[in-house]
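Asker: Sequence first, then the predicted structure:
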Amino acid sequence: MSVEAKAAEVATSDLISVFIDGTEVQVPKGTLAIRAAEMIGVDIPRFCDHPLLDPVGACRQCMVEVPDMGNGRGMPKPQASCTLEVAPNMQIKTQVSSPVADKAQTGMLELLLINHPLDCPICDKGGECPLQNQALSHGPAESRYLGVKRTFPKPVAISAQVLLDRERCVLCARCTRFSEQISGDPFIALVERGALQQVGFYEDKPYDSYFSGNVIQICPVGALTSADYRFQARPFDLVSTPVTCEICASGCQLRTDHRHYQVKRRLAGNAPEVNEEWNCDRGRFAFHSGRLADRLTSPLVRDGGVLRPASWPEAIDAAVAGLRRAGSSVGVLTGGRLTLENAYGYAKFARVVLGTNNVDFRSRPHSLEEGQFLAHAVAGRTVGEGVTYADLENASQVICVAFEPEEESPIVFLRLRKAVRKKKLKVVTVAPFASNGAEKLGAHLVPTVPGTEAEVVGKLDADADTVILVGERAASSLGTFTALLELAGRSGARLAWVPRRAGDRGAVEAGCLPNLLPGGRPVTDASARVDVQAAWAVPTLPTTPGLDAGAMLHAAGTGSLAALVVAGVEPTDFADAEAARASLEGAGFVLSLETRLSEVAERADVVLPVDLIEEQSGTFVNWEHREGRVNRVNRQARSAMTDLRVLAMLADALGSDLGVRRASGAKAELTELGVWEGERAAAPAEAAASGVGTGLVLGSWRLLIDGSAGNDGSEALLATAKRPVARLSEATASGLGLADGDQVTVAAGNGVWELPLVVTPSMVDGVCWVPGNVAGVGLGELAVTPGESVQVNGGAA
Amino acid sequence: MTDLLTPVLSANWADERAWKITNYERTGGYQGLRKALGRTPADVMGTVKDAGLRGRGGAGFPTGMKWSFVPQDNPNPKYLVVNADESEPGTCKDMPLMMASPHTLVEGVIIASYAIGCEAAFIYVRGEVVHVVRRLQQAVREAYSAGYIGKNVLGSGYSLDVVVHAGAGAYICGEETALLDSLEGRRGQPRLRPPFPAVAGLYACPTVVNNVESIASVPSIIANGAEWFASMGTEKSKGMTLYSLSGHVQRPGQFEAPLGITLRQLIELSGGVREGHELKFWTPGGSSTPILTAEHLDIPLDYEGAAAAGTMLGTKALQVFDETTSVVRTTLRWVEFYKHESCGKCTPCREGSWWLVQLLQRFEAGTAVEGDIEKMLDLCDNIGGKSFCALADGAVACVTSAVKHFRSEFEAGYTTPAWELFPYERSALFAAPKGAHA
């Protein structure tokens, strides 16, 4: 929390007066002198100090003089202002007014530079380097050091993604403190002593943390660099654009830097209410997929069974012909990559142009109950009406149901961990085993067989200070949403839905659901429809809920739907990937709007290329319902158009009118429409699942860094991924005659996976856990969802 | 002359197998403990306070007052940690004490633990001195068997466990918070204060960290009374203490005498400076204390006397150097030690000691240039008082005091190698072959 925010929180009576260079400033008790000085604009040079890390006082750069501690006595020696808590009426003299402090700071910079290589001209940090900047602003003009500098062989890869040039390091311990205090992955530590002290790691266990990129960003010198960005650009050649991350629903504010029309790197932005100053490695490093060879640059039409490039007019004509034939017998599958505005475009296109409620953003397993839950408890809310990151931090208890924060919303994980560390937050996880992330939260595990969540939730205790976070996986466990609403109603606990993908929450708001119009308006509610009809200037809207994504695919495959319009969807994400492929192949007409030649595009009749996220502007809505702005980073020579613009063209060609062509227009229309203020859709009332599969039951979730298409091309990032394994409890493994480390096969309806077995002590008996995606192959290839039966056997497939 | 000596801690060192518990008991051992257990902890603490015992590790903080800082209402366990990580160059008092009479320390540990109300005490011994570690471990085992340690000590209802822990050999672990980190199994680096160990020390619990000699002095204070102890020494520095003489004296060793004795008296006790030579300079308390010269032979060696002479009493490790010794070379050796032992946590110590060594090497080799003395002093000013802990202050103290008293020798370093001015074999007890200088 910033000093200003902290100051606002405390009553005026709790403020104390201190004097910085003779200027009085009011600060809360316990404020550090360096922060108090910042409040009046006095910038004390520093290296180890970081407002989000615990003070350490290691670099000694921020020395100040304290002629009066507030009790009339002065401190005999200069003090490090980053560890000095102010006292009432304390006098602090910084370099501005104290020759002693000034000499101490100048002397410290001279010392920091004696063993520094001064290789700024070839260092990636040069131009944005706190050491370089502060050496110029506060350091001596020339060094008096004539001796031998300490050198090290360079660089050392502390992980596949992060490289360490030890001779540049000033040993501020920011990276090691971050890894220990913030992410809880203390795989790096300072080793050796004296001037040979260095950041070290255990050779057999590299620094494979989901948050490792942050240490590069907070390194005050060029000691830590990323494999991606190393030697790619100079900071002053880069153009920076603030964006919102398109990966998950955490809603991180990021800064994207590009040069020569190519994104060079992404950094965490400064967003105290959301991601503070952090982000995850996937958000930071997974930006390469759009520049691979399979990037679509021109429309494609199917001609004689094969796709061939076509002009835009030809492709639009082909699409129009296909859609005309289908009439309103069309399904629209939108996926999770869309901005709010693009999602709105699809939602409106389906209703206004195609005349159907057959629109759904969900490609992973979903249920009717989930749709009802979203309509009842999620859609049409704004930030402040729901749970926020600050609420997580101030809760007394957070219960995670079908939700693994570190894997599925890493910034939620960081905020939970902060609260666990600083505010003694208690975390409870309803899961088949205590994951690494859960252990780092000190979470209490409620061992749960997948599919029985509803039953378990019914027995949980909560109170008004409790926050319940439910993940999208609850959809595959019938009755869970119902039980959670019941628990929240009974206890006063607050409930939040944390989807996995960045576009999910916005898609709900935009109306990309068969039962919802924009703003959380139920399609079955006449007055809700009237709202939307007025805004869209259409006489009628379809009145019955449409098909969900699974039903649409099935219907298209059997011919009862004549056409599909598909945006960012992968067959492998569906509950049954083979069936999804078969449906796409069997469908009468498939129109694909894609960035890359995906499996859907390969099976489409017409493919229309659309913009990458970096080529467009818009909005993502995070799990808090908070809107985050996406700004266009750059427009490449081969850029296409946004989904929205392509849909508008299609509408025109179909003799209709989408009414909006640009993100700004879509956003304005959505804002004017506002959220639904009428009666909310009814809560789901689904009975708990009557039972789970027989024999071994599957448990699974997606890992943050896995074979998702968005990670393609990010080789260094993928090299830090967790090894895919199968997990069984001790009793279950020995019952099957299996031991830790054995190679096992996990088989279900459609396929077999071969994975090494890890016997997991906290695992509930009778469950086999596997990751949701192994090397680009989704669980859908096995045609099995969590809670269903699987067979596990020893030996190779 | 020998009536100047007051052997209390060292009284039994020459006894046959003084380290065995039966021999220790035969000379009055563990009587102090029996006496202490018959009194209240507060009473025992009061006696130590009244005696005026001050910390023998160097800083001279009143021991009884340190004990009283432990909050008795804190619900956490309390700990006593004995700092036996004696590593200061020249200092060699705790090791012989623990080697010759470990039970003196063990008895002190039990009494001190009783006084502060702790049920677990740790003795952190420097790892290299394996023999001492074994002696101590054996002594603790004997004390357990005899019922002095363990459940219900001597039927008093008071219980105590004592653990002897061997460090891994780092000078910084003599710094009390680094010692606590090391004891907890972490890297030994000093901690941020506050909180102070008395409030949040070992495992974040109230902890007293005391020097070996301080704790070893406690049994005699309890056995003989505060007045007996206070009758020795000077007004503000009371009691007897171990002075360690080393270097160019006839008979180096431990001399136990009341605080306030002078170096002149101690040198006489040791048989004088090396035959045919005279005193040039000396340290009052190890290499971290500013050096003194022959003109300071008569300052009283107590806390106040040393401070008045611009130095510190430190560990009372008196290293004596005669006129054959190069001050430049000696200073370089000391600073090399600090460079080697700097933990690396903070900039001035880590980088400053690295730089100082290279500067001093130039003085030693006679390749320093005009202005290097001023540069070195300015560097010392940028290091001293700016570092995280006191290690760097010690590193610069020997440099600044050497320049203060022997500036001309450093100026000679602009032109002449130290080994030409002070042939090294002349200062060595066993001369190296000619020409084989460092």
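Answerer: Cool, the structure landed.

Asker: right, and the helix or strand after the helix or strand residue B:208 falls within?
Answerer: Here residue B:208 sits within strand B:207-211, counting by DSSP states H and E. Proceeding N to C from strand B:207-211, the next assigned helix or strand is helix B:212-224, under DSSP H and E.

Asker: Could you point out which residue ranges in the chain have low pLDDT?
Answerer: Using chain A. Within chain A, the stretches with pLDDT under 70 are A:1-13, A:637-638, A:691-692, A:796-797.

Asker: wrong chain, I was asking about chain B
Answerer: Applying pLDDT under 70 to chain B picks out residues B:1-2, B:430-438.

Asker: Identify the single longest strand in it, thanks.
Answerer: strand B:240-247 (DSSP state E).

Asker: which residues touch it?
Answerer: The contact list for strand B:240-247 (C-beta atoms under 8 Å, 6 or more residues apart in numbering or on different chains) reads B:6, B:8-10, B:56, B:90-93, B:97, B:213, B:217, B:232-233, B:252-259, B:261, B:266-267, B:270, B:282, B:301, B:315-322. Where you see a C-beta, it was placed from the backbone N, CA and C, and this is true even at glycine.

Asker: For residue 330, grab phi and psi.
Answerer: Just so you know, I chose chain A. In terms of degrees, to the nearest 10, the main-chain angles of residue A:330 are phi -130, psi 150.

Asker: You answered for a different chain; I wanted chain B.
Answerer: According to degrees, to the nearest 10, residue B:330 has phi -60, psi -50.

Asker: How much space separates it from residue B:299?
Answerer: Distance of residue B:330 to residue B:299, given as C-beta to C-beta, to the nearest Å: 21 Å.

Asker: Those two: which is more packed in?
Answerer: residue B:330 (24 against 20; other C-beta atoms under 10 Å in any protein chain shown).

Asker: wait, what's in contact with the residue nearest to the more buried one when sequence neighbours are not counted?
Answerer: Counting by C-beta to C-beta, 6 or more residues apart in numbering or on different chains, residue B:330 lies nearest to residue B:321, which is 6.5 Å off, once chain neighbours are set aside. By C-beta under 8 Å, 6+ apart, residue B:321 lies in contact with B:247, B:248, B:279, B:280, B:281, B:282, B:330, B:427.

Asker: Would you report the backbone torsion angles of residue B:321?
Answerer: Dihedral angles (degrees, to the nearest 10) for residue B:321: phi -120, psi 130.

Asker: what's across from it in the sheet?
Answerer: residue B:281 (DSSP bridges).

Asker: quick one: it and residue B:334, what's the gap?
Answerer: Residue B:321 is 12 Å from residue B:334, where distance means C-beta to C-beta.

Asker: which parts of the stretch 1-150 of chain A sit against chain B?
Answerer: With C-beta under 8 Å from any C-beta of the partner chain as the criterion, the stretch 1-150 of chain A meets chain B at residues A:55-61, A:63, A:76-78, A:83, A:103-104, A:107-108, A:110-112, A:114-115, A:144-145, A:147-148, A:150.

Asker: If we use 10 Å, what do you get?
Answerer: A:47-48, A:54-61, A:63, A:76-80, A:83, A:85, A:100, A:103-116, A:144-150 (C-beta under 10 Å from any C-beta of the partner chain).

Asker: among the residues you listed, which are in helices?
Answerer: Using DSSP state H, A:100, A:103-114 are the members of the residues of the stretch 1-150 of chain A next to chain B that sit in helices.

Asker: Now the most centrally placed residue in chain A. Its backbone dihedrals?
Answerer: Central residue of chain A (C-alpha atoms, centre = their mean): residue A:248, 3.4 Å from the mean position. The phi/psi pair for residue A:248 (degrees, to the nearest 10) reads phi -120, psi -180.

Asker: Double-check it against residue A:472; I have them as touching.
Answerer: No - using C-beta atoms under 10 Å, residue A:248 is not in contact with residue A:472, being 11.1 Å away.

Asker: Common neighbours of the two, please.
Answerer: Both residue A:248 and residue A:472 are contacted by A:336, A:408, A:498, A:499, A:500, A:501, A:504, under the criterion C-beta atoms under 10 Å, 6 or more residues apart in numbering or on different chains.

Asker: Surely the last one touches residue A:621?
Answerer: Yes - between residue A:504 and residue A:621 there is a contact under C-beta under 10 Å: 8.7 Å.

Asker: Not counting its neighbours along the chain, what's nearest residue 80?
Answerer: Assuming you mean chain A. residue A:57 (4.5 Å).

Asker: meant chain B, my bad for not saying
Answerer: residue B:121 (4.1 Å).

Asker: Now do the contacts for residue A:741.
Answerer: Listed by C-beta under 10 Å, 6+ apart, the contact partners of residue A:741 are A:725, A:756, A:757, A:758, A:759.

Asker: Spatially nearest residue to the first one, not counting backbone neighbours?
Answerer: In other words, residue A:725. Per C-beta to C-beta, 6+ apart, closest to residue A:725 is residue A:758, 4.5 Å.

Asker: looking at this, the one you found is in a strand?
Answerer: Yes - counting by DSSP: H, G, I helix; E, B strand; the rest coil, residue A:758 is located in a strand.

Asker: Give me the number of neighbouring residues for it.
Answerer: For residue A:758, using other C-beta under 10 Å, the count is 16.

Asker: So which elements touch the biggest helix by length in chain B?
Answerer: Ranked by number of residues, the top helix in chain B under DSSP H is helix B:391-412. Packed against helix B:391-412 by the contact rule (3 or more C-beta pairs under 10 Å, 6 or more residues apart in numbering or on different chains; DSSP states H and E) you find strand B:279-283, strand B:292-293, helix B:327-341, helix B:347-365, helix B:372-383, helix B:418-421.

Asker: and with 7 Å instead?
Answerer: Here helix B:391-412 touches helix B:327-341, helix B:347-365, helix B:372-383, going by 3 or more C-beta pairs under 7 Å, 6 or more residues apart in numbering or on different chains; DSSP states H and E.

Asker: is the longest one anywhere near chain A?
Answerer: Right, the one you point to is helix B:347-365. Yes - judged by C-beta under 7 Å from any C-beta of the partner chain, helix B:347-365 comes into contact with chain A through B:347, B:348, B:350, B:351, B:352, B:353, B:354, B:355, B:358.

Asker: Look up the closest residue to the fourth one, ignoring the ones flanking it.
Answerer: Same thing as residue B:351. According to C-beta to C-beta, 6+ apart, the nearest residue to residue B:351 is residue A:111 (4.0 Å).

Asker: Contacts only, for residue B:76.
Answerer: B:205, B:206 (C-beta atoms under 7 Å, 6 or more residues apart in numbering or on different chains).

Asker: distance of it from residue A:219?
Answerer: To residue A:219, residue B:76 is 37 Å away according to C-beta to C-beta.

Asker: of all of the stretch 101-250 of chain B, which residue lies closest to chain A?
Answerer: In the stretch 101-250 of chain B, the residue that lies nearest chain A is residue B:192 (5.6 Å; C-beta to the nearest C-beta).

Asker: Does that residue touch residue A:83 like I think?
Answerer: Yes - contact criterion C-beta atoms under 7 Å: residue B:192 and residue A:83 qualify, at 5.8 Å.

Asker: where do the contact lists of these two overlap?
Answerer: Counting by C-beta under 7 Å, 6+ apart, the shared contacts of residue B:192 and residue A:83 are A:55, A:57.

Asker: Between these two, point out the one with more neighbours.
Answerer: residue A:83 (22 against 14).

Asker: rewinding a little: let's see which of the contacts of strand B:240-247 end up in strands.
Answerer: Judged by DSSP E, the contacts of strand B:240-247 include B:253-258, B:282, B:317-322 as members of strands.
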